[in-house]
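Participant: just to be clear, the model below is a prediction. Sequence and coordinates:
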Amino acid sequence: FLRWKVGWENQLERADHEELSEFFRKSYGPTGAFHAKPFEGGRSWAGARPERRAIAYDSVGIASHMGVLRRFIKVGETDLLVAELGLYAVRPDLERMGIAHSVGALTPTLRELGVPFAFGTVRHAMRNHVERYCQNGMASILTGVRVRSSIAEVNPDLPSTRTEEPLVVIFPVGRPLNEWPPGTLIERNGSELGSTSITYTRCRATAITGRKILVYT
């Protein structure tokens, strides 16, 4: 049995962040120490910080998490308000739960936020997994689209932006999927939400997150 808590970022107490920090380290750690490092010291975010969070609890503790952040992105020549989904993780023993539960828990919030679309990015290795979710028209996968994001940490040896070509997943909220604007380049104009964009790891953990997928490289 899962109990969902959906709330604003400012509603979290220090103890909540510490619990989430431990959860993310355990969820992302099996994919590599680099993915867990941003969550040291009680920090519960990486890259951009979420506006709202959907957190599932069971008798053991935190079962899954997904963050959402409203932002304007540029798709081709069109400025577009979206709710970016990221910072997604599932506890390793529940990895088969999938993203449908988290997206479902956030659906009323997405409508309340008044966005036309929700948006996330997924690495190509997980295409078959995500396609199963998209089969009923609840979302659509875009290919051949580059995504440029700001790098959250300043490093004199690295550029200030990163361009990748993940799978782009779009979810209709206030407008139908066929109204997503054309374009082969998406400008995030900010950092990704999460540490890896929708990133999944089949063996131990699942993640929609921000550094290359979030969810999720």
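Facilitator: Alright, I've got the coordinates.

Participant: CA atoms for contacts and neighbours, from now on please.
Facilitator: Noted.

Participant: three-state assignment of the residue nearest the centre of the chain?
Facilitator: With distances taken as Cα atoms, centre = their mean, residue 86 lies nearest the centre of the chain, 1.2 Å away. Following DSSP: H, G, I helix; E, B strand; the rest coil, we place residue 86 in the strand state.

Participant: what segments of this protein are helices?
Facilitator: Under the criterion DSSP state H, the chain contains helices at 14-28, 33-36, 100-113, 127-134.

Participant: which outside residues touch the last one?
Facilitator: It refers to helix 127-134. 100, 139-141, 167 (Cα atoms under 8 Å, 6 or more residues apart in numbering).

Participant: filter the residues you listed down to the buried ones.
Facilitator: 139-141, 167 (16 or more other Cα atoms under 10 Å).

Participant: okay if I get those as JSON lines plus pLDDT?
Facilitator: As requested, the buried ones among the contacts of helix 127-134 are arranged in JSON lines below (pLDDT from 0 to 100):
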{"residue": "139", "pLDDT": "93"}
{"residue": "140", "pLDDT": "94"}
{"residue": "141", "pLDDT": "93"}
{"residue": "167", "pLDDT": "91"}
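
Participant: adding distance to residue 71 as columns, could you present those in CSV?
Facilitator: Output for the buried ones among the contacts of helix 127-134, formatted as CSV (distance: Cα to Cα, whole Å):
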residue, distance to residue 71
139, 19
140, 20
141, 20
167, 19
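
Participant: restricted to strands, list these.
Facilitator: 140-141, 167 (DSSP state E).

Participant: sorry, back to before: between the helices of the chain, which gets nearest to residue 45?
Facilitator: helix 14-28 (7.9 Å; Cα to Cα).

Participant: now do that closest one: distance to the chain's middle.
Facilitator: 16 Å (Cα atoms, centre = their mean, to the nearest Å).

Participant: using PDB, write down the CA coordinates of that helix.
Facilitator: Extracted C-alpha coordinates of helix 14-28, given in PDB (Å, rounded to 0.1, in the frame of the first residue of the first chain):
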ATOM      1  CA  ARG A  14      15.000  19.700   7.200                       C
ATOM      2  CA  ALA A  15      14.200  16.100   8.300                       C
ATOM      3  CA  ASP A  16      12.300  15.600   5.000                       C
ATOM      4  CA  HIS A  17      15.300  16.700   2.900                       C
ATOM      5  CA  GLU A  18      17.600  14.400   5.000                       C
ATOM      6  CA  GLU A  19      15.300  11.400   4.400                       C
ATOM      7  CA  LEU A  20      15.100  12.100   0.700                       C
ATOM      8  CA  SER A  21      18.900  12.600   0.500                       C
ATOM      9  CA  GLU A  22      19.400   9.100   1.900                       C
ATOM     10  CA  PHE A  23      16.800   7.700  -0.400                       C
ATOM     11  CA  PHE A  24      18.400   9.200  -3.500                       C
ATOM     12  CA  ARG A  25      21.900   8.100  -2.500                       C
ATOM     13  CA  LYS A  26      20.600   4.500  -2.200                       C
ATOM     14  CA  SER A  27      18.600   4.700  -5.400                       C
ATOM     15  CA  TYR A  28      21.200   6.300  -7.600                       C
END
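
Participant: buried residues in it?
Facilitator: For helix 14-28, by 16+ other Cα under 10 Å, it's 17-18, 20-28.

Participant: can you name every helix or strand that that helix contacts?
Facilitator: Packing partners of helix 14-28 (3 or more Cα pairs under 8 Å, 6 or more residues apart in numbering; DSSP states H and E): helix 33-36, strand 78-90.
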